[in-house]
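Undergrad: Just the structure for this:
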Amino acid sequence: MPPAGSNRLLGTRMERLKASQSYGFVLALIVASFVFAAVAPDKNWAASTLLLMETATLVVALWTAGLAATGSKVSLALIALASAAAIALVIWGGSSLAGAVGLLSAAMTFAIGAAIVIGVLDQGEVNRQVVTGAVSIYVLLGFFFIYIYGAMAAFGHGYLFAQGTDGTRSIRLYFSYVTLATVGYGDYTMAGNLGRTLAVLEALMGQLYLVTVLALLVSRMHPKRRLGGE
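TA: The predicted model follows:
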């Protein structure tokens, strides 16, 4: 006989699958993080705030996918870990700690995407929730590389960009999404081989994701039939 907690989890998952705005809320949190990253100063407190925002988004994504309740041990452990790292960065600072927080933020972002994928697969059909989840993953791709580029700038000895600068967080955000969208303005370019490789990888992932995953999902969406229609 399965434990009562397991039955409750399955029940709440089915309820969430029927909710039309579940992944809309997750996407709204991701967009809020995007806006904050774009306008916040390049300070340690802003990096700490972003880490906490990513953690909150992960907790909500886990709940939406039916993987963990917001008050579960997993969720509380994630919040405790992120809070400790955020406080440490504000108090002590330093490039090494900033790089570690960047990598932790990247890990949180990756976990958000993984939770969304699991929840989307649970749908069993292509609907508005699935497309919203897929759009969320696309935006998260750009965020993931922002944190990776920031960690490279913190841990590296040379400049991140060939223009002789590591760039601010907002500049790295700009570069990441320009690369993801394969616009290629060329005003900022990576200086090292690792950076160039990651930029090419991001461009490939962004382009392939749009023309395969999102395009396929949208093409398979079926409009609701009108009452009395065939």
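Undergrad: which stretches of this protein aren't confidently modelled?
TA: Along the chain, the model assigns pLDDT under 70 to residues 1-21, 221-230.
Undergrad: Tell me where it has helices.
TA: All helices of the chain, identified by DSSP state H, fall at 4-17, 22-39, 44-64, 73-92, 95-123, 128-155, 169-180, 193-208, 215-219.
Undergrad: Geometric centre of the protein: which residue is closest?
TA: Leu140 (3.2 Å; C-alpha atoms, centre = their mean).
Undergrad: picking that back up, possible to save the helices of the chain as CSV with distance to Phe161?
TA: Glycine gets a C-beta too; all of them are placed from N, C-alpha and C. Below are these laid out as CSV (distance: least, C-beta to C-beta, whole Å):
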stretch, distance to Phe161
helix 4-17, 42
helix 22-39, 18
helix 44-64, 19
helix 73-92, 23
helix 95-123, 16
helix 128-155, 9
helix 169-180, 8
helix 193-208, 8
helix 215-219, 32
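Undergrad: Quick one: closest of those to Gln163.
TA: Nearest to Gln163 among the helices of the chain is helix 169-180; the distance by C-beta to C-beta comes to 9.7 Å.
Undergrad: any residues touching the closest one, and which ones?
TA: With contacts defined as C-beta atoms under 8 Å, 6 or more residues apart in numbering, helix 169-180 is touched by 34, 37-40, 42, 46-47, 138, 141-143, 145-146, 149-150, 153, 160-161, 165, 167, 184-185, 188, 199, 202-203, 205-206.
Undergrad: swap in stretch 112-120?
TA: 22-23, 26, 30, 54, 57-58, 61-62, 64-67, 129-130, 133-134, 136-137, 140-141, 144.
Undergrad: next one: stretch 138-148
TA: Stretch 138-148 is contacted by residues 27, 30-31, 33-34, 37, 54, 102-103, 105-106, 109-110, 112-113, 116, 169, 172-173, 176-177, 179-180, 198, 202, 205-206, 209-210, 214 when judged by C-beta under 8 Å, 6+ apart.
Undergrad: one step back: and the contacts of helix 169-180, which are buried?
TA: Burial by neighbour count, judged by 16 or more other C-beta atoms under 10 Å, picks out 34, 37, 40, 46-47, 138, 141-143, 145-146, 149-150, 153, 160-161, 167, 188, 199, 202-203, 205-206 from the contacts of helix 169-180.
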